[in-house]
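J.: Predicted model and sequence follow; I will ask about them next.
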Amino acid sequence: MAIQVSLLIIQGGVSFGKYNLSSASISSRPLASNGKQLCGAALGASVAPTTCCTALDGTSRRFPVCSVARRQGSSLGRAAHWLCLTNRVSSGNLLPMRTQLLCAPCIIDDLRGALETTVADEATRLVILREAMSWLGQEFDEQHIPSFYITRVHRLLKQRAGLVMPFRELRGQCNRAGLAIRSQVAAELAHITDDLARMRLLALWAIAGNHLDFRTVGTGYDLNVEDITAQLARVVAEGLCIDHSADLVRKARTGSRVLYLADNVGEIALDTLLVAELLRYGCQVTVAVKGGPITSDAVLSDAQYVGMDKLVPVILTGPDTLGLPLDEVSPDLHSELHRADLVVSKGQANYYACSELVRRLRVSFFGLLCTKCLVAAHDLGLDQARVNVAVWLGKGDG
C-alpha cells in the first residue's frame, strides 16, 4: 500500500491552506484493534500513512494520505479516507492552529449576527461594528488562535450594549432542547451493551449537540430550536469522518483522570451522558465551563441546569472567553491541566487552544467537534468544511 500511495502522491501538487506538498515521504502508525474503520471501508491495511507538506515559511506538517489522495480523486484515496488520522504529535509536526486571513470575514460576520440579535438600534450596531473593525485593523495578525479575536469583539459588544447575559432567551431554549434530546439518547443507549458502540453513539451525539450553537458563523442566530431534534439526528446519521472512538475507550478503561472541556449551552446536556460513560469506566472526571457568559458558551448556571454538577466537580476555565483562554487561565484550570491524564475537548474553539497546549503539557488530548470552516478542516488534514470528528490529538512531551 505504501508504494501505491507514494506513486500516487508524486504525481500531483496538493495544498492544504498555506501548506504545499513537498515530498512523498511516508510514515505510519498502527491503528486500533478494529483496524477497518467507518462505513464498511474494506481496506485490510493496519496503518494510516501520511505525507509531509511544507509551507512557504519553512514550517512543516504531516497530513493523512487519505486527504492528499482524495484531492487526486483516486479510489485508493476514497477508501483510505476512513483510516485513522496519524498521531502528528509523536512525529513532532503538530503546529498550533493560528489565525489566518480567512478567519477575518468570519469574525466580522459572527459579530454582525450577534449585533442583529442583541442590539435593536441600527446606529448603535454600526458604532460597535466600526469600533470592532478598527481594533481588528490594529491587532489582527497570525500570532494568536482565532478565538482570541472572537472573544475580544464579543466583549466589546457586551460592554458597549450593556449586556450582562447575552442571548439569555436563546441559551435557555437550547438547554431545554438539550435535555429533551438527552432523554431520547439515553433510552437508545440503554439497549446497547458493546463498549465501542456506546462510545461512538455518545461521541456522535455530543458532536451533533454542537449544532445547538446558535452563533454558528453567518447562520446561527436565527436558529429555530423547535426543529433541532431532527437536525441533530441528521448530523448523527452522517457519522464520523475521523473516528478514534476506540482510542477513547482504551484510555477510559485505564481509569484515567479526565478533564472535560465543555463547549456550548444545550449540548452540555448531552455531555452529561458521555461524562457518565467515562465514570462507568472508573475515570475521575472534572468538567470545565466558562467563568462568564459570552456568545453560546456554557457557564456554571448551565452546568447546574442540566445536572452536570451532580455528576462531577465543575470548575471555571477563566473569565468570559470563547473556547479555552490561553492567556487568562484560572488557577483551577491550570491545576487540572497539569494533573489530568486525558483532556477531552469539545468544539472547534477549544480545539484551537488544545492544538497549542498539546505541545506544552504531558497529557493526552482527544477532540470531539464538528469543523465549521476550511481553516479548521485543513488543520485536521481534511478538505470539507463541515465534518464530524472524534480525533485522538496525541500526547505532548511537555
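T.: Thanks, I have it.
J.: Enumerate every residue touching N210.
T.: Taking CB atoms under 8 Å, 6 or more residues apart in numbering, we find N210 in contact with 263-264, 267, 346-347, 369-370. Where C-beta positions appear, they are placed from N, C-alpha and C, glycine not excepted.
J.: Considering those residues, which possesses the most neighbours?
T.: E267 (32 neighbours; other CB atoms under 10 Å).
J.: in terms of contact, does it touch G178 like I think?
T.: Yes - with contact defined as CB atoms under 8 Å, E267 reaches G178; the gap is 6.2 Å.
J.: circling back to that earlier point, just the closest of the contacts of N210 to V312, please.
T.: K346 (14.4 Å; CB to CB).
J.: Can you give me every residue that contacts that closest one?
T.: 206, 210, 260-263, 267, 271, 368-369.
J.: One more pass at 7 Å, please.
T.: 206, 261-263, 271, 368-369 (CB atoms under 7 Å, 6 or more residues apart in numbering).
J.: Filter these down to just the buried residues.
T.: Burial by neighbour count, 16 or more other CB atoms under 10 Å: within the contacts of K346 this picks out 206, 261-263, 271, 368-369.
J.: what touches both of E267 and G178?
T.: 209, 212.
J.: helices or strands up against the longest helix along the chain?
T.: As assigned by DSSP state H, the longest helix anywhere in the chain is helix 168-189. Identification of packing neighbours for helix 168-189 by 3 or more CB pairs under 7 Å, 6 or more residues apart in numbering; DSSP states H and E yields helix 195-208, helix 228-238, helix 267-280.
J.: Give me whichever of those is most buried.
T.: When you average the neighbours per residue for each of the helices and strands packed on helix 168-189 (mean count of other CB atoms under 10 Å), helix 267-280 leads with a mean of 23.
J.: I'd like the average pLDDT over it.
T.: The average of the pLDDT scores along helix 267-280 is 97.
J.: Show me the contact partners of it.
T.: So helix 267-280 is contacted by 175, 178-179, 181-182, 185-186, 189, 198-199, 202, 205-206, 209-210, 212, 252, 258, 260, 262, 285, 287, 298, 302-303, 306-308, 311-312, 346 (CB under 7 Å, 6+ apart).
J.: That helix vs helix 195-208, what angle?
T.: Orientation check (axes from the mean of the first three to the mean of the last three CA atoms, to 10 degrees): helix 267-280 against helix 195-208 gives 160 degrees.
J.: Can I get helix 267-280 in CSV? Just the C-alpha atoms.
T.: Written as CSV, here are the backbone C-alpha positions of helix 267-280 (Å, rounded to 0.1, in the frame of the first residue of the first chain):
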residue,chain,number,x,y,z
GLU,A,267,-25.0,20.4,24.1
ILE,A,268,-23.8,20.3,27.7
ALA,A,269,-26.9,18.3,28.5
LEU,A,270,-25.7,15.6,26.0
ASP,A,271,-22.2,15.9,27.6
THR,A,272,-23.6,14.5,30.8
LEU,A,273,-24.2,11.2,29.1
LEU,A,274,-20.6,11.0,27.9
VAL,A,275,-19.3,12.0,31.2
ALA,A,276,-21.4,9.4,32.9
GLU,A,277,-19.9,6.8,30.5
LEU,A,278,-16.4,7.8,31.5
LEU,A,279,-17.4,7.4,35.1
ARG,A,280,-18.7,3.9,34.3
